[in-house]
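> How does the following fold in three dimensions:
(one chain, ligands or ions: 2)
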Amino acid sequence: MAKLLLRDLRQVVSPAGTSAPLRGSALADVDWIDDGYVLCDGDTIEAVGRMADLGSIGGDVFELDGRGLCAVPGLVDCHTHPAFGGDRVDEFSLRAAGASYEELHATGGGILSTVRATRAAGADGLSAAVERHRGWMLRAGTTTFEGKSGYGLDLETELASLRAVRGAGGVPTWLGAHSTPPEHASADDYLDFLLADVLPAAAQIAEAADVFLERGAFDQEQARRYLEACRAHGLTLRLHGDQFTEVGAIPLAIELSARSVDHLEATGPAGVTALAASDVTGVLLPASALFLDRPMPPARALVDAGAAVALATDFNPGSAFCESLPLVCSLAATQLHLGPAEALAACTVNAAHVLGRADRLGRIAKGYRADLTLLDAPDWRYLAYHLAGPVVATVIKDGAVAFGREAY
Ligand code: NIG
Ligand code: FE
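Ligands and ions are numbered 1, 2, ... in the order given. The predicted structure follows:
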(Lines give C-alpha, C1' and ligand atoms only; values in the text may rest on other atoms or scores of the structure.)
(Ligands and ions follow the chains in the order given, each with its own letter.)
Protein backbone atom coordinates (compact mmCIF):
# COMPACT_ATOMS: atom_id res chain seq x y z
CA MET A 1 0.00 0.00 0.00
CA ALA A 2 1.32 3.44 -0.94
CA LYS A 3 2.22 5.86 1.78
CA LEU A 4 0.24 9.04 2.35
CA LEU A 5 2.15 12.26 3.08
CA LEU A 6 0.13 15.13 4.53
CA ARG A 7 2.50 18.00 3.78
CA ASP A 8 2.75 21.74 4.48
CA LEU A 9 0.18 21.58 7.26
CA ARG A 10 -0.13 24.93 8.99
CA GLN A 11 -0.24 23.24 12.40
CA VAL A 12 -0.11 19.67 13.68
CA VAL A 13 -1.55 19.45 17.19
CA SER A 14 -1.91 16.43 19.46
CA PRO A 15 -2.43 15.75 23.17
CA ALA A 16 1.06 15.46 24.67
CA GLY A 17 2.70 12.42 26.22
CA THR A 18 1.70 8.79 25.93
CA SER A 19 -0.44 8.11 29.01
CA ALA A 20 -4.21 7.89 29.24
CA PRO A 21 -6.50 9.14 30.57
CA LEU A 22 -5.08 12.66 31.00
CA ARG A 23 -6.05 14.43 34.20
CA GLY A 24 -5.64 17.82 35.84
CA SER A 25 -3.15 20.18 34.23
CA ALA A 26 -1.93 17.43 31.84
CA LEU A 27 -5.28 17.72 30.05
CA ALA A 28 -4.16 21.07 28.60
CA ASP A 29 -0.73 19.91 27.35
CA VAL A 30 -0.52 19.67 23.58
CA ASP A 31 2.36 19.00 21.21
CA TRP A 32 2.12 21.79 18.65
CA ILE A 33 4.14 21.84 15.41
CA ASP A 34 3.91 24.79 12.99
CA ASP A 35 4.43 24.04 9.28
CA GLY A 36 4.47 20.30 9.72
CA TYR A 37 3.90 16.98 8.02
CA VAL A 38 2.37 13.62 8.91
CA LEU A 39 3.51 10.51 7.04
CA CYS A 40 1.13 7.55 7.07
CA ASP A 41 2.11 4.03 6.10
CA GLY A 42 -1.06 2.05 5.53
CA ASP A 43 -3.28 2.54 8.57
CA THR A 44 -0.44 3.65 10.85
CA ILE A 45 1.37 6.95 11.41
CA GLU A 46 5.02 6.47 10.50
CA ALA A 47 6.40 9.92 11.27
CA VAL A 48 5.37 13.42 12.36
CA GLY A 49 7.54 16.51 12.21
CA ARG A 50 8.43 19.91 10.79
CA MET A 51 8.54 20.32 7.01
CA ALA A 52 12.06 21.66 7.42
CA ASP A 53 13.12 18.27 8.77
CA LEU A 54 11.36 16.12 6.16
CA GLY A 55 13.87 13.87 4.44
CA SER A 56 13.32 11.84 1.28
CA ILE A 57 10.75 9.04 1.47
CA GLY A 58 11.29 5.75 -0.31
CA GLY A 59 8.61 3.93 -2.33
CA ASP A 60 5.26 5.13 -3.67
CA VAL A 61 3.98 8.21 -1.86
CA PHE A 62 0.62 9.89 -2.38
CA GLU A 63 0.81 13.54 -1.28
CA LEU A 64 -1.97 15.67 0.14
CA ASP A 65 -1.44 19.44 0.07
CA GLY A 66 -2.08 20.63 3.61
CA ARG A 67 -1.59 24.35 3.00
CA GLY A 68 -4.11 26.28 5.07
CA LEU A 69 -5.09 23.23 7.09
CA CYS A 70 -4.46 22.30 10.73
CA ALA A 71 -4.29 18.62 11.73
CA VAL A 72 -5.71 17.25 14.98
CA PRO A 73 -6.26 13.57 15.85
CA GLY A 74 -9.37 12.01 14.36
CA LEU A 75 -12.13 12.79 16.86
CA VAL A 76 -13.47 9.95 19.00
CA ASP A 77 -17.15 10.01 20.01
CA CYS A 78 -17.38 7.67 23.00
CA HIS A 79 -21.13 8.03 23.69
CA THR A 80 -23.81 7.91 20.98
CA HIS A 81 -27.19 6.26 20.40
CA PRO A 82 -27.24 5.92 16.60
CA ALA A 83 -29.44 2.80 16.27
CA PHE A 84 -32.98 4.17 16.11
CA GLY A 85 -35.93 4.44 13.77
CA GLY A 86 -38.07 7.51 13.23
CA ASP A 87 -37.46 10.82 14.92
CA ARG A 88 -38.80 12.96 17.79
CA VAL A 89 -39.42 16.18 15.94
CA ASP A 90 -43.02 16.37 17.22
CA GLU A 91 -41.79 15.96 20.80
CA PHE A 92 -39.09 18.55 20.13
CA SER A 93 -41.80 21.00 19.10
CA LEU A 94 -43.84 20.23 22.24
CA ARG A 95 -40.78 20.76 24.41
CA ALA A 96 -40.11 24.04 22.67
CA ALA A 97 -43.60 25.09 23.78
CA GLY A 98 -42.90 24.13 27.40
CA ALA A 99 -43.46 20.38 27.94
CA SER A 100 -40.68 18.75 29.97
CA TYR A 101 -38.59 15.78 28.79
CA GLU A 102 -39.38 13.81 31.96
CA GLU A 103 -43.15 14.43 31.60
CA LEU A 104 -43.12 13.23 27.99
CA HIS A 105 -41.17 10.13 29.03
CA ALA A 106 -43.62 9.33 31.85
CA THR A 107 -46.62 9.45 29.48
CA GLY A 108 -45.23 6.90 26.99
CA GLY A 109 -43.54 9.42 24.69
CA GLY A 110 -39.82 9.97 24.92
CA ILE A 111 -37.63 6.87 24.75
CA LEU A 112 -40.60 4.50 24.36
CA SER A 113 -41.85 6.30 21.25
CA THR A 114 -38.44 5.69 19.66
CA VAL A 115 -38.65 2.05 20.78
CA ARG A 116 -41.85 1.63 18.74
CA ALA A 117 -40.24 3.17 15.65
CA THR A 118 -37.03 1.18 16.09
CA ARG A 119 -38.85 -2.15 16.36
CA ALA A 120 -40.75 -1.25 13.18
CA ALA A 121 -37.55 -0.39 11.27
CA GLY A 122 -36.28 -3.98 10.98
CA ALA A 123 -32.65 -5.05 10.82
CA ASP A 124 -32.05 -3.56 7.36
CA GLY A 125 -33.70 -0.30 8.30
CA LEU A 126 -31.55 -0.08 11.43
CA SER A 127 -28.35 -0.77 9.53
CA ALA A 128 -29.26 1.93 7.02
CA ALA A 129 -29.97 4.37 9.87
CA VAL A 130 -26.65 3.72 11.60
CA GLU A 131 -24.76 4.07 8.28
CA ARG A 132 -26.48 7.40 7.67
CA HIS A 133 -25.67 8.63 11.18
CA ARG A 134 -22.08 7.43 10.87
CA GLY A 135 -21.78 9.52 7.68
CA TRP A 136 -22.96 12.60 9.55
CA MET A 137 -20.39 11.94 12.27
CA LEU A 138 -17.59 11.46 9.76
CA ARG A 139 -18.34 14.77 8.07
CA ALA A 140 -18.12 16.38 11.52
CA GLY A 141 -14.62 14.93 12.01
CA THR A 142 -15.40 11.78 14.00
CA THR A 143 -13.27 8.81 12.92
CA THR A 144 -14.28 6.41 15.72
CA PHE A 145 -17.69 6.19 17.32
CA GLU A 146 -19.24 4.15 20.06
CA GLY A 147 -22.88 3.24 19.48
CA LYS A 148 -25.40 1.95 21.99
CA SER A 149 -28.43 -0.24 21.56
CA GLY A 150 -31.31 0.61 23.88
CA TYR A 151 -34.21 1.42 21.56
CA GLY A 152 -35.09 -2.20 20.83
CA LEU A 153 -35.59 -3.58 24.34
CA ASP A 154 -36.48 -6.99 22.90
CA LEU A 155 -34.07 -9.76 21.90
CA GLU A 156 -34.29 -9.34 18.15
CA THR A 157 -34.06 -5.55 18.00
CA GLU A 158 -31.33 -5.21 20.64
CA LEU A 159 -29.15 -7.66 18.74
CA ALA A 160 -29.97 -6.01 15.40
CA SER A 161 -28.95 -2.66 16.90
CA LEU A 162 -25.61 -4.00 18.12
CA ARG A 163 -24.95 -5.65 14.76
CA ALA A 164 -25.82 -2.43 12.93
CA VAL A 165 -23.30 -0.49 15.03
CA ARG A 166 -20.61 -3.08 14.52
CA GLY A 167 -21.42 -3.34 10.81
CA ALA A 168 -20.90 0.41 10.41
CA GLY A 169 -17.49 0.14 12.06
CA GLY A 170 -18.60 1.44 15.47
CA VAL A 171 -17.85 0.16 18.95
CA PRO A 172 -21.06 -1.50 20.21
CA THR A 173 -22.38 -1.00 23.76
CA TRP A 174 -25.38 -2.93 25.04
CA LEU A 175 -27.85 -0.54 26.71
CA GLY A 176 -30.55 -3.13 27.37
CA ALA A 177 -31.36 -1.39 30.65
CA HIS A 178 -32.45 1.89 29.06
CA SER A 179 -36.18 1.80 29.85
CA THR A 180 -38.78 -0.85 30.69
CA PRO A 181 -40.92 -1.67 27.64
CA PRO A 182 -44.72 -2.02 28.09
CA GLU A 183 -44.83 -5.83 27.66
CA HIS A 184 -43.05 -6.26 31.03
CA ALA A 185 -44.94 -5.66 34.26
CA SER A 186 -42.05 -4.08 36.12
CA ALA A 187 -38.40 -3.08 35.79
CA ASP A 188 -37.43 -6.18 37.81
CA ASP A 189 -39.37 -8.49 35.48
CA TYR A 190 -37.74 -6.83 32.51
CA LEU A 191 -34.27 -7.31 34.06
CA ASP A 192 -35.04 -11.01 34.58
CA PHE A 193 -35.75 -11.28 30.86
CA LEU A 194 -32.71 -9.21 29.82
CA LEU A 195 -30.22 -11.17 31.86
CA ALA A 196 -31.61 -14.60 30.99
CA ASP A 197 -32.55 -14.14 27.33
CA VAL A 198 -30.55 -11.24 25.85
CA LEU A 199 -27.27 -10.91 27.73
CA PRO A 200 -25.64 -14.14 26.51
CA ALA A 201 -26.09 -13.14 22.85
CA ALA A 202 -25.49 -9.40 23.38
CA ALA A 203 -22.17 -10.16 25.10
CA GLN A 204 -21.00 -11.86 21.91
CA ILE A 205 -21.33 -8.59 19.98
CA ALA A 206 -20.96 -5.73 22.45
CA GLU A 207 -17.77 -4.57 24.17
CA ALA A 208 -19.50 -2.75 27.02
CA ALA A 209 -22.77 -2.62 28.92
CA ASP A 210 -24.59 0.56 29.93
CA VAL A 211 -27.58 1.30 32.19
CA PHE A 212 -29.80 4.36 32.68
CA LEU A 213 -29.63 4.82 36.46
CA GLU A 214 -32.27 7.47 37.08
CA ARG A 215 -35.56 8.14 38.80
CA GLY A 216 -38.19 6.59 36.50
CA ALA A 217 -35.68 4.26 34.79
CA PHE A 218 -33.56 1.85 36.92
CA ASP A 219 -32.56 2.31 40.56
CA GLN A 220 -29.18 1.62 42.09
CA GLU A 221 -29.98 -1.92 43.16
CA GLN A 222 -31.34 -2.83 39.73
CA ALA A 223 -28.35 -1.21 38.02
CA ARG A 224 -25.95 -3.17 40.25
CA ARG A 225 -27.68 -6.44 39.39
CA TYR A 226 -27.58 -5.71 35.66
CA LEU A 227 -23.97 -4.50 35.62
CA GLU A 228 -22.64 -7.37 37.75
CA ALA A 229 -24.22 -9.88 35.39
CA CYS A 230 -22.77 -8.05 32.39
CA ARG A 231 -19.34 -7.97 33.97
CA ALA A 232 -19.53 -11.74 34.49
CA HIS A 233 -19.98 -12.01 30.70
CA GLY A 234 -16.80 -10.01 30.10
CA LEU A 235 -18.34 -6.63 29.29
CA THR A 236 -16.80 -3.31 30.31
CA LEU A 237 -19.20 -1.30 32.47
CA ARG A 238 -20.63 2.16 31.87
CA LEU A 239 -23.51 4.11 33.39
CA HIS A 240 -25.82 6.96 32.45
CA GLY A 241 -25.85 8.74 35.79
CA ASP A 242 -26.72 12.02 37.53
CA GLN A 243 -28.58 13.29 34.45
CA PHE A 244 -31.58 14.62 36.38
CA THR A 245 -31.10 13.34 39.95
CA GLU A 246 -28.25 11.99 42.06
CA VAL A 247 -29.45 8.50 42.90
CA GLY A 248 -26.17 6.71 43.50
CA ALA A 249 -24.56 6.48 40.05
CA ILE A 250 -21.08 7.68 41.03
CA PRO A 251 -20.80 5.46 44.14
CA LEU A 252 -21.96 2.45 42.10
CA ALA A 253 -19.58 3.24 39.23
CA ILE A 254 -16.69 3.37 41.68
CA GLU A 255 -17.81 0.24 43.55
CA LEU A 256 -17.93 -1.75 40.30
CA SER A 257 -14.80 -0.17 38.73
CA ALA A 258 -16.85 0.99 35.78
CA ARG A 259 -15.00 2.52 32.85
CA SER A 260 -17.19 5.63 32.84
CA VAL A 261 -20.17 7.42 34.29
CA ASP A 262 -21.82 9.70 31.76
CA HIS A 263 -23.95 12.91 31.93
CA LEU A 264 -23.33 14.31 35.48
CA GLU A 265 -25.52 17.41 34.99
CA ALA A 266 -26.90 16.87 38.52
CA THR A 267 -23.60 15.98 40.23
CA GLY A 268 -22.88 17.91 43.43
CA PRO A 269 -19.61 18.61 45.29
CA ALA A 270 -19.41 15.21 47.02
CA GLY A 271 -19.78 13.44 43.67
CA VAL A 272 -17.06 15.60 42.15
CA THR A 273 -14.67 14.72 44.97
CA ALA A 274 -15.44 11.01 44.83
CA LEU A 275 -15.13 10.78 41.04
CA ALA A 276 -11.85 12.71 41.05
CA ALA A 277 -10.35 10.24 43.50
CA SER A 278 -11.35 7.26 41.33
CA ASP A 279 -10.31 5.62 38.06
CA VAL A 280 -13.78 6.12 36.56
CA THR A 281 -13.88 8.61 33.66
CA GLY A 282 -16.64 11.22 33.72
CA VAL A 283 -18.11 11.60 30.22
CA LEU A 284 -19.59 15.06 29.74
CA LEU A 285 -22.38 15.61 27.21
CA PRO A 286 -22.99 19.36 26.98
CA ALA A 287 -25.01 19.10 23.74
CA SER A 288 -27.56 17.05 25.68
CA ALA A 289 -27.71 19.63 28.49
CA LEU A 290 -28.15 22.35 25.87
CA PHE A 291 -30.80 20.45 23.90
CA LEU A 292 -32.85 19.79 27.05
CA ASP A 293 -32.13 23.21 28.58
CA ARG A 294 -30.62 21.56 31.65
CA PRO A 295 -27.74 22.71 33.86
CA MET A 296 -24.27 22.01 32.50
CA PRO A 297 -22.14 19.38 34.29
CA PRO A 298 -19.48 20.67 36.74
CA ALA A 299 -16.65 20.17 34.28
CA ARG A 300 -14.24 22.79 35.61
CA ALA A 301 -14.60 21.50 39.17
CA LEU A 302 -14.02 17.93 37.98
CA VAL A 303 -10.86 18.79 36.05
CA ASP A 304 -9.51 20.98 38.83
CA ALA A 305 -10.13 18.20 41.35
CA GLY A 306 -8.12 15.81 39.16
CA ALA A 307 -10.89 13.75 37.59
CA ALA A 308 -10.46 12.11 34.19
CA VAL A 309 -13.07 13.61 31.87
CA ALA A 310 -14.07 12.91 28.29
CA LEU A 311 -16.47 14.77 25.99
CA ALA A 312 -19.02 13.15 23.69
CA THR A 313 -22.13 14.13 21.72
CA ASP A 314 -24.75 11.73 23.19
CA PHE A 315 -26.18 11.75 19.63
CA ASN A 316 -29.78 10.45 19.85
CA PRO A 317 -33.23 11.52 18.60
CA GLY A 318 -34.60 12.73 21.96
CA SER A 319 -32.10 14.50 24.15
CA ALA A 320 -29.25 15.41 21.77
CA PHE A 321 -29.94 15.37 18.03
CA CYS A 322 -26.36 16.47 17.41
CA GLU A 323 -23.45 14.52 15.91
CA SER A 324 -20.90 17.34 15.99
CA LEU A 325 -17.91 17.04 18.31
CA PRO A 326 -16.63 20.43 17.08
CA LEU A 327 -19.87 21.94 18.42
CA VAL A 328 -19.36 20.00 21.66
CA CYS A 329 -15.86 21.53 21.87
CA SER A 330 -17.43 24.99 21.45
CA LEU A 331 -19.86 24.21 24.26
CA ALA A 332 -16.98 22.91 26.37
CA ALA A 333 -15.19 26.24 25.95
CA THR A 334 -18.20 28.51 26.36
CA GLN A 335 -20.30 26.57 28.88
CA LEU A 336 -17.99 24.16 30.69
CA HIS A 337 -15.03 26.54 30.96
CA LEU A 338 -12.57 24.09 29.46
CA GLY A 339 -9.88 25.52 27.21
CA PRO A 340 -9.62 24.33 23.58
CA ALA A 341 -6.65 22.08 24.46
CA GLU A 342 -8.59 20.47 27.32
CA ALA A 343 -11.59 19.98 25.04
CA LEU A 344 -9.38 18.41 22.37
CA ALA A 345 -7.84 15.91 24.80
CA ALA A 346 -11.29 15.09 26.17
CA CYS A 347 -12.67 14.06 22.74
CA THR A 348 -9.53 12.33 21.51
CA VAL A 349 -7.20 10.53 23.91
CA ASN A 350 -9.57 10.43 26.89
CA ALA A 351 -12.49 9.32 24.75
CA ALA A 352 -10.23 6.62 23.27
CA HIS A 353 -9.47 5.51 26.82
CA VAL A 354 -13.19 5.14 27.53
CA LEU A 355 -13.34 2.80 24.52
CA GLY A 356 -10.21 0.90 25.61
CA ARG A 357 -8.27 2.10 22.56
CA ALA A 358 -5.92 4.81 23.83
CA ASP A 359 -2.84 2.80 22.84
CA ARG A 360 -3.69 3.38 19.14
CA LEU A 361 -6.22 6.24 18.98
CA GLY A 362 -6.43 9.85 20.04
CA ARG A 363 -2.97 11.14 19.23
CA ILE A 364 -0.91 12.11 16.20
CA ALA A 365 2.28 10.21 16.94
CA LYS A 366 4.37 7.45 15.45
CA GLY A 367 2.70 4.05 15.80
CA TYR A 368 -0.82 5.46 16.31
CA ARG A 369 -3.60 4.77 13.82
CA ALA A 370 -3.58 7.12 10.84
CA ASP A 371 -6.88 8.82 11.72
CA LEU A 372 -6.70 12.60 11.43
CA THR A 373 -9.14 15.48 11.16
CA LEU A 374 -7.92 18.41 9.04
CA LEU A 375 -9.37 21.79 9.90
CA ASP A 376 -9.71 24.56 7.33
CA ALA A 377 -8.63 27.29 9.72
CA PRO A 378 -5.67 29.55 10.47
CA ASP A 379 -5.40 28.07 13.98
CA TRP A 380 -6.46 24.64 15.30
CA ARG A 381 -8.38 26.28 18.14
CA TYR A 382 -11.04 27.22 15.57
CA LEU A 383 -12.25 23.69 16.39
CA ALA A 384 -13.88 25.25 19.47
CA TYR A 385 -13.87 28.90 18.43
CA HIS A 386 -15.94 28.73 15.23
CA LEU A 387 -19.33 27.97 16.72
CA ALA A 388 -21.10 25.52 14.35
CA GLY A 389 -18.75 26.62 11.55
CA PRO A 390 -17.73 24.41 8.60
CA VAL A 391 -14.32 23.90 10.10
CA VAL A 392 -13.77 20.23 9.20
CA ALA A 393 -12.26 20.14 5.70
CA THR A 394 -10.87 16.63 5.31
CA VAL A 395 -11.01 13.45 7.34
CA ILE A 396 -8.33 10.76 7.09
CA LYS A 397 -9.28 7.32 8.36
CA ASP A 398 -6.93 4.34 8.33
CA GLY A 399 -4.48 6.32 6.18
CA ALA A 400 -6.99 7.21 3.42
CA VAL A 401 -9.23 10.21 2.71
CA ALA A 402 -12.68 9.32 4.06
CA PHE A 403 -14.21 12.76 3.62
CA GLY A 404 -13.02 15.90 1.89
CA ARG A 405 -14.62 19.13 0.76
CA GLU A 406 -13.62 22.38 -0.85
CA ALA A 407 -12.18 25.19 1.24
CA TYR A 408 -14.67 27.57 2.83
O1 NIG B 1 -28.36 9.74 27.04
N2 NIG B 1 -30.71 9.44 29.27
C3 NIG B 1 -31.02 8.47 28.65
N4 NIG B 1 -30.83 8.19 27.37
C5 NIG B 1 -30.48 9.12 26.34
C6 NIG B 1 -31.64 9.81 25.76
C7 NIG B 1 -32.61 8.91 25.19
C8 NIG B 1 -33.77 9.55 24.47
O9 NIG B 1 -34.31 10.57 24.90
O10 NIG B 1 -34.14 8.98 23.45
C11 NIG B 1 -29.48 10.13 26.81
O12 NIG B 1 -29.76 11.32 26.97
FE1 FE C 1 -26.77 8.80 26.34
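> Please report the number of neighbouring residues for the spatially closest residue to T44 that is not a sequence neighbour.
Once flanking residues are discounted, T44 sits nearest to A370: 5.8 Å by C-beta to C-beta, 6 or more residues apart in numbering. Backbone N, C-alpha and C define where each C-beta goes, glycine included. Number of residues near A370 (other C-beta atoms under 10 Å) recorded here: 24.
> can you check R139 too?
Using other C-beta under 10 Å, R139 is surrounded by 16 other residues.
> Help me confirm that it comes into contact with V392.
Yes - look at R139 against V392 with C-beta atoms under 8 Å: they come within range, at 6.8 Å.
> who touches both of these two?
F403 (C-beta atoms under 8 Å, 6 or more residues apart in numbering).
> Mind giving me the packing neighbours of the strand or helix carrying R10?
Per DSSP states H and E: R10 is located in strand 3-15. In terms of contacts (3 or more C-beta pairs under 8 Å, 6 or more residues apart in numbering; DSSP states H and E), strand 3-15 is packed against strand 30-41, strand 44-50, strand 61-65, strand 69-73, helix 340-346, strand 372-376.
> Out of those, the one nearest ligand 1 is which?
Proximity to ligand 1, assessed across the helices and strands packed on strand 3-15 by C-beta to the nearest ligand atom, is greatest for helix 340-346 (17.3 Å).
> residues in contact with that closest one?
13, 15, 22, 27-30, 72-73, 284, 303, 309-311, 328-329, 332-333, 338, 380-381, 383-385.
> Which ones among these map onto helices?
Those of the contacts of helix 340-346 mapping onto helices are V303, V328, C329, A332, A333, L383, A384, Y385, per DSSP state H.
> how much space is there between the fifth one and E91?
With the distance defined as C-beta to C-beta, to the nearest Å, A333 ends up 29 Å from E91.
> Strands of the stretch 151-300 of the chain, start to end?
171-177, 208-212, 236-241, 260-263, 281-284 (DSSP state E, counting those that start in this stretch).
> Find the nearest non-adjacent residue to the residue of the stretch 251-400 of the chain found nearest ligand 1, please.
Nearest residue of the stretch 251-400 of the chain to ligand 1 (C-beta to the nearest ligand atom) works out as G318 at 2.4 Å. Leaving aside its chain neighbours, G318 sits nearest to R88 (4.9 Å; criterion: C-beta to C-beta, 6+ apart).
> follow-up on the earlier one: ok, the residue of the stretch 251-400 of the chain closest to ligand 1 - how many residues close by?
Residues contacting G318 under the criterion other C-beta under 10 Å number 25.
> How about V171?
Per other C-beta under 10 Å, the neighbour tally for V171 reads 22.
> what sits against it?
Applying C-beta under 8 Å, 6+ apart to V171 gives the contacts T144, F145, E146, G147, V165, E207, A208, L355, R357.
> Neighbour count and pLDDT added to these, as JSON lines?
Shown next, in JSON lines, are the contacts of V171 (neighbours: other C-beta atoms under 10 Å; pLDDT from 0 to 100):
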{"residue": "T144", "neighbour count": "25", "pLDDT": "99"}
{"residue": "F145", "neighbour count": "29", "pLDDT": "99"}
{"residue": "E146", "neighbour count": "26", "pLDDT": "99"}
{"residue": "G147", "neighbour count": "29", "pLDDT": "99"}
{"residue": "V165", "neighbour count": "30", "pLDDT": "99"}
{"residue": "E207", "neighbour count": "19", "pLDDT": "98"}
{"residue": "A208", "neighbour count": "23", "pLDDT": "99"}
{"residue": "L355", "neighbour count": "25", "pLDDT": "98"}
{"residue": "R357", "neighbour count": "20", "pLDDT": "98"}
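> out of those, which are inside helices?
Counting by DSSP H, the part of the contacts of V171 found in helices is V165.
> how about the contacts of V171 in a markdown table, adding distance to P297?
Formatted as a markdown table, those follow (distance: C-beta to C-beta, whole Å):
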| residue | distance to P297 |
| --- | --- |
| T144 | 23 |
| F145 | 21 |
| E146 | 19 |
| G147 | 22 |
| V165 | 25 |
| E207 | 24 |
| A208 | 21 |
| L355 | 20 |
| R357 | 24 |
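> Alright, that wraps it up for me.
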